[in-house]
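Enquirer: need a structure here:
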Amino acid sequence: MELIRQAMYDLLATEHPATVRQVFYRLVSDGVIAKTETEYNAIVVRHLTALRRAGVIPYQWIADNTRWMRKSQSFDSVEDALYRTAQSYRRALWANQGAYVEVWLEKDALAGVVLEVTDPSDVPLMVTRGYPSLTFLHSAAEQIAGAGKPCFLYYLGYYDPSGVHIPQRVEADLRTLTPEADLHFERLAVNPAQIDAWGLPTRPTKRSDSRSKRFNGESVEVDAIPPDLLRALVTQAILRHVDDGALEVLKAAEDSERQLLYAMTMRGIAA
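Expert: Sure thing, here's the model as predicted:
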């Protein structure tokens, strides 16, 4: 059991943050544990919990965006508001780029893994949690329509009966809701070629899914993709649309304006 715990630590030390499910699939791929739900719950979940409580594995190494707190931002003072604004100030990265980019994700538990890439790149991360509601799609369509430039959407979803159908439905609805938009939609993962090339662990396809009769083979969860590989996949997709020259100009303006905000903060404190 100590070897399993060490394997968990070694994996997360180099590939954090990752979901518990991703750790499970990596251990399966490495031949450390068997690919069963019993092993997932009795070994991975239980020992990752124990290792975090013991302070061996930092809590930040495990991603879980399925639960969150809702609270409006507040400040201790005007000076505090100015200082925190200066710290977090960012120019809209895509304002002077020739495209608008979004990343769509089927599973909310993976949001913390993908956010490591999308947030620094100022790319919206759209979490569908399975089939998205029409309200969610309409809001997304308004954003796409307002971009006023070619829009590139990259989708990350399960390779299973519903996981294959969801992005097809999303794309069709977005095209209906934004008929004038220059919309480009790509399923980034999971794809059959990736399953073979990366040796991704599979699971039995749920026959309770009404679309399973038209689906061949076993299923693969997005969590089966190692976290670093998943982030690299998203990074490469985003970088296709970044003009380095325009980005350099924007970053220079951002740095100058941030310093101005800091100066305003210091004048406020001095007063």
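Enquirer: Just to check, Ile4 is in contact with Ile33?
Expert: Yes. With contact defined as CB atoms under 8 Å, Ile4 reaches Ile33; the gap is 6.7 Å. C-beta: built from backbone N, CA, C; applies to glycine.
Enquirer: Specify which residue of these two has the higher count of neighbours.
Expert: Taking neighbours as other CB atoms under 10 Å, Ile4 and Ile33 compare with Ile33 leading, 18 against 15.
Enquirer: Could you check how far that one is from Met1?
Expert: 11 Å (CB to CB, to the nearest Å).
Enquirer: do Leu261 as well
Expert: 52 Å.
Enquirer: Compare those two (neighbour count), which wins?
Expert: Leu261 (17 against 7).
Enquirer: Am I right that that one sits in a strand?
Expert: No. Counting by DSSP: H, G, I helix; E, B strand; the rest coil, Leu261 falls outside a strand, being helix.
Enquirer: pLDDT value on it, please?
Expert: In this model, Leu261 is scored at 83, pLDDT.
Enquirer: what's around the closest residue to it other than its chain neighbours, how many residues?
Expert: Nearest residue to Leu261 in three dimensions, chain neighbours excluded: Ala86, at 3.7 Å (CB to CB, 6 or more residues apart in numbering). Neighbours of Ala86 under the rule other CB under 10 Å: 18.
Enquirer: What helix or strand is Ala86 located in?
Expert: helix 78-88 (DSSP states H and E).
Enquirer: In that helix, which residues are buried?
Expert: Across helix 78-88, burial judged by 16 or more other CB atoms under 10 Å covers Glu79, Leu82, Tyr83, Ala86.
Enquirer: Now the common contact residues for Ile4 and Ile33.
Expert: By CB atoms under 8 Å, 6 or more residues apart in numbering, Ile4 and Ile33 have these common neighbours: Leu27, Ile43.
Enquirer: elements contacting the helix or strand containing Gly112?
Expert: Secondary-structure assignment from DSSP H and E places Gly112 in helix 111-118. Helix 111-118 makes packing contacts with strand 100-105, strand 125-127, helix 227-239 when contacts are defined by 3 or more CB pairs under 8 Å, 6 or more residues apart in numbering; DSSP states H and E.
Enquirer: hmm, who's touching it?
Expert: Residues outside helix 111-118 that contact it (CB under 8 Å, 6+ apart) are 17-19, 22, 63-65, 103, 105, 123-125, 127, 156, 227, 230-231, 234-235, 238.
Enquirer: Can you give me the distance of the residue sitting nearest the centre point of the chain to Val20?
Expert: The geometric centre of the chain, computed from its C-alpha atoms, lies nearest to Val114 (CA atoms, centre = their mean), at 2.5 Å. Going from Val114 to Val20 by CB to CB gives 16 Å.
Enquirer: What is the helix holding Ala86 packed up against?
Expert: helix 244-270.
Enquirer: residues of the helix it packs on that come out buried?
Expert: Leu250, Arg258, Leu261, Tyr262, Thr265.
Enquirer: Not counting sequence-adjacent ones, nearest residue to the fourth one?
Expert: Taking CB to CB, 6+ apart as the measure, Tyr262 lies nearest to Ala86, with 4.7 Å between them; neighbours along the chain are not counted.
Enquirer: for the first one, same thing?
Expert: By the measure of CB to CB, 6+ apart, the closest residue to Leu250 outside its immediate chain neighbours is Arg91, 5.2 Å from it.
Enquirer: Check what pLDDT Arg207 gets.
Expert: pLDDT, Arg207: 87.
Enquirer: Ramachandran coordinates for it?
Expert: When read as degrees, to the nearest 10, the backbone of Arg207 gives phi -70, psi -10.
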